[in-house]
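*Asks:* sequence first, predicted model second:
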Amino acid sequence: MRGVSRTNGIEIMRHLYRSIAWVAAFLFAGHGEQASGRDQLSQRPILFDSDRTGRQEIYTLDPAGSGLPQQLTSSAELNGSSSFASWSPDGQRIAFILTVDGNADIAMIDADGSNLRRLTTHPAADLYPAWSPDGSQIAFGSSRDGNREIYVMNADGNDQRNTTNHPAFDSRPSWSPDGSQILFGSDRGHVGDRPGPNLFLMHHDGSRLRQLTHHDRADMVARFSSDGRLIVFASNRAGGQQIYTMNPDGSAVRQLTFPPGTHGGPAWSPDVSWVVFHSERDGNPEIYVMKADGSALRRLTFDPASDLHPSW
């Protein structure tokens, strides 16, 4: 557009995306069967991170598609960014990665974005917080011992302990619904010409390790359903990254998403009937939801920025 600055052009696009979002929400709310889906989706907000302000911040989003995302964090005053947010089981607190001056730590805020406090303050990278089902502990990945390991700490940041103690790359933990086990990705024992993680399960103290997937591509970002019946995960085993489910023992792998585009960062809805994820299927990273069987796929965000890493 001749005579229009790049900044103004981005703002014009942003207003256009927002208009599309309002139209989509209106149409969704106005039809019988879809309105029923709206009622089912009206649970706690979805968390995601986006660079729509120019730096990565955490937002909340109505899963039914009503209204616009609300910004929770303001990291500019810290010269930082916020990402990979995770709800506490009671919905009162949010753990996330706070990166300041290039160093990533685990931080926490209340559900309204207030009361920021850091849980880790290590010069190494601390990443990907995951709450235990009772809210008393947080698992996370850390490079403080020279390679990426899975750590567990109390929810106030005390008693940080390494649970994997292995030279492999271990990352992206997630708890089993009963709190007894931790699911994570690791490249230990990997074979094939495309190194990448497989999925492992261990007791929360690091014992009783069991490998769930045995693939020569990358299986990652795995999460138990709250009823313990399924695990959702992302994998590039079919080429581009897509979303799959499997049984907790690694059997009955089922592909839920397909090209066009890549799909990643899956997370369950609280009632396990939906999966939220990010995708570039429409040319830009946005937040989508689908039913747990892969049907009824719907786009939730409409912004030219990158919307990523949802949590529900």
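*Replies:* Nice, I can see it.

*Asks:* any low-confidence regions in the stretch 1-150 of the chain?
*Replies:* Within the stretch 1-150 of the chain, the stretches with pLDDT under 70 are 1-42.

*Asks:* which residues in it form helices?
*Replies:* 6-29, 32-41 (DSSP state H, counting those that start in this stretch).

*Asks:* the nearest residue to Val253 once chain neighbours are set aside - how many residues pack around it?
*Replies:* Of all residues not flanking Val253 in the chain, Met246 sits nearest, at 4.5 Å (C-beta to C-beta, 6 or more residues apart in numbering). Yep, even glycine has a C-beta here, placed from its N, CA and C like the rest. When counting by other C-beta atoms under 10 Å, one arrives at 20 neighbours for Met246.

*Asks:* with Thr99 instead?
*Replies:* Thr99 has 21 nearby residues by other C-beta under 10 Å.

*Asks:* what are the bridge partners for it, then?
*Replies:* Beta-bridge pairing for Thr99 (DSSP bridges): Ser81, Ala104.

*Asks:* all further residue positions should be reported with the first residue as 20.
*Replies:* Got it, first residue is 20 now, which makes that one Thr118.

*Asks:* close enough to count as contact, it and Asn98?
*Replies:* No. Contact criterion C-beta atoms under 8 Å: Thr118 and Asn98 do not qualify, at 9.7 Å.

*Asks:* hmm, back to that, OK, contacts around the residue nearest to Val272?
*Replies:* By C-beta atoms under 8 Å, 6 or more residues apart in numbering, the contact list for Met265 reads Leu231, Thr232, Leu249, Ile250, Phe252, Ala271, Val272, Arg273.

*Asks:* thought Ser94 was touching Ser101?
*Replies:* Yes. With contacts defined as C-beta under 8 Å, Ser94 counts as touching Ser101 at a distance of 5.0 Å.

*Asks:* neighbour count winner among those two?
*Replies:* Ser101 (27 against 20).

*Asks:* narrow the contacts of Met265 to those in strands?
*Replies:* Ile250, Phe252, Arg273 (DSSP state E).

*Asks:* please, which helix or strand holds Asp290?
*Replies:* Here Asp290, judged by DSSP states H and E, is contained in no helix and no strand.

*Asks:* touching both of Ser94 and Ser101, which residues are there?
*Replies:* In contact with both Ser94 and Ser101: Gln75, Glu76, Leu117, using C-beta under 8 Å, 6+ apart.
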